[in-house]
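Engineer: Please find the sequence and the predicted model below.
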Amino acid sequence: MTAAAEDTPWLRLARISGDHEENKRLWNGYQKYLLRPNTHEYQRQMENPKFVDIVDLSDAEIHSIQTEIPDLPKEMVWFNTISLSTGIAEIKTDLTSDGFYFAFAVFIQNTTSKGLLTLEHAQFAAGLSAIECVFENDLNAIGASFGSFTMFMECRFIERTYFQGAKFETANFDQAKFNDICAFDNAKFAGRAFFTDSIFTNSANFDSVEFHDVTSFDLAAASSAAVSLSFKDAKFFEHPPRFFGRALHEDTDWTGVKLPNAEAQAAPPRYLLEDDKRAY
């Protein structure tokens, strides 16, 4: 592939051939190659079947990748990040990362993604941080696993956003703006989920979502009209959701919602219970 002027080394690796399955094989294999010297982290990620299934690249393939993309990192330590947008303001073409494995934390800031961004069933082993980014086309993260920490802080989603079946630990969507349909059906938040000061212009769907910790939809100042939200069959295991300051649309759907039982409510410290009482 001839690298476009706006591409970073990581973007060139993601698009190194014209075939998606080959791109995935080379990307994932290179992640395993980079992580191998970090013994502790390598063994930790070996507990993930998705990582175990990655086929090692040959020395010749590693050399070929490094020759074609000479500024691609040849070694990384565990706290290094995959910075997709360093030195560029726009990702101009579609980025298809279905099934990609990200062994290191991913970082993207102040970047506009103009094409379709597909992260379907991608694995973010060390988390993803997107800050002040604009996604002008659809973002498809159906079935993605986002690792220990996810941030889409102050991001703007112009078109549709799909997170159905995605798995999160702690997730931060503070001050995010969803201009079109936003779908989180069947997602799981194992840790805290923050949608504080987020703006939904169209409908948002949280049907059958599992929320295992504090969930906040607080809004400091009403800055947009309330829209239809659906929490049909959603489960809140430890705390009721918080909507302090946010007006709820009359068509908000709470059908089949399960709230914490008495046993779950007995476990948190008192100050959290006071917030829970206000939330109810």
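Structural biologist: Looks like it came in fine.
Engineer: which intervals of the stretch 101-250 of the chain have sub-threshold pLDDT?
Structural biologist: 222-224 (pLDDT under 70).
Engineer: what is the mean pLDDT for stretch 258-269?
Structural biologist: Stretch 258-269 carries an average pLDDT of 85.
Engineer: Just the endpoints, please. Distance across it?
Structural biologist: End-to-end distance of stretch 258-269: 21 Å, with Cα to Cα, to the nearest Å as the criterion.
Engineer: so how far is that stretch from its chain's centroid?
Structural biologist: 28 Å (Cα atoms, centre = their mean, to the nearest Å).
Engineer: likewise stretch 174-192?
Structural biologist: Distance of stretch 174-192 from the chain centroid (Cα atoms, centre = their mean) equals 9 Å.
Engineer: Please save the CA atoms from that stretch in PDB.
Structural biologist: Output of stretch 174-192 as PDB, limited to C-alpha atoms (Å, rounded to 0.1, in the frame of the first residue of the first chain):
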ATOM      1  CA  ASP A 174     -18.800  12.900  29.700                       C
ATOM      2  CA  GLN A 175     -19.900  15.800  27.600                       C
ATOM      3  CA  ALA A 176     -20.300  13.600  24.500                       C
ATOM      4  CA  LYS A 177     -22.800  14.800  21.900                       C
ATOM      5  CA  PHE A 178     -24.800  12.200  20.000                       C
ATOM      6  CA  ASN A 179     -26.500  13.900  17.100                       C
ATOM      7  CA  ASP A 180     -28.200  10.800  15.700                       C
ATOM      8  CA  ILE A 181     -29.400   7.400  16.900                       C
ATOM      9  CA  CYS A 182     -27.300   6.000  19.700                       C
ATOM     10  CA  ALA A 183     -27.600   2.200  20.400                       C
ATOM     11  CA  PHE A 184     -26.100   0.400  23.400                       C
ATOM     12  CA  ASP A 185     -28.500  -2.600  23.400                       C
ATOM     13  CA  ASN A 186     -27.200  -5.600  25.300                       C
ATOM     14  CA  ALA A 187     -24.000  -3.800  26.300                       C
ATOM     15  CA  LYS A 188     -22.400  -4.500  29.700                       C
ATOM     16  CA  PHE A 189     -20.800  -2.000  32.000                       C
ATOM     17  CA  ALA A 190     -18.900  -3.900  34.700                       C
ATOM     18  CA  GLY A 191     -17.700  -0.700  36.300                       C
ATOM     19  CA  ARG A 192     -18.900   2.800  36.500                       C
END
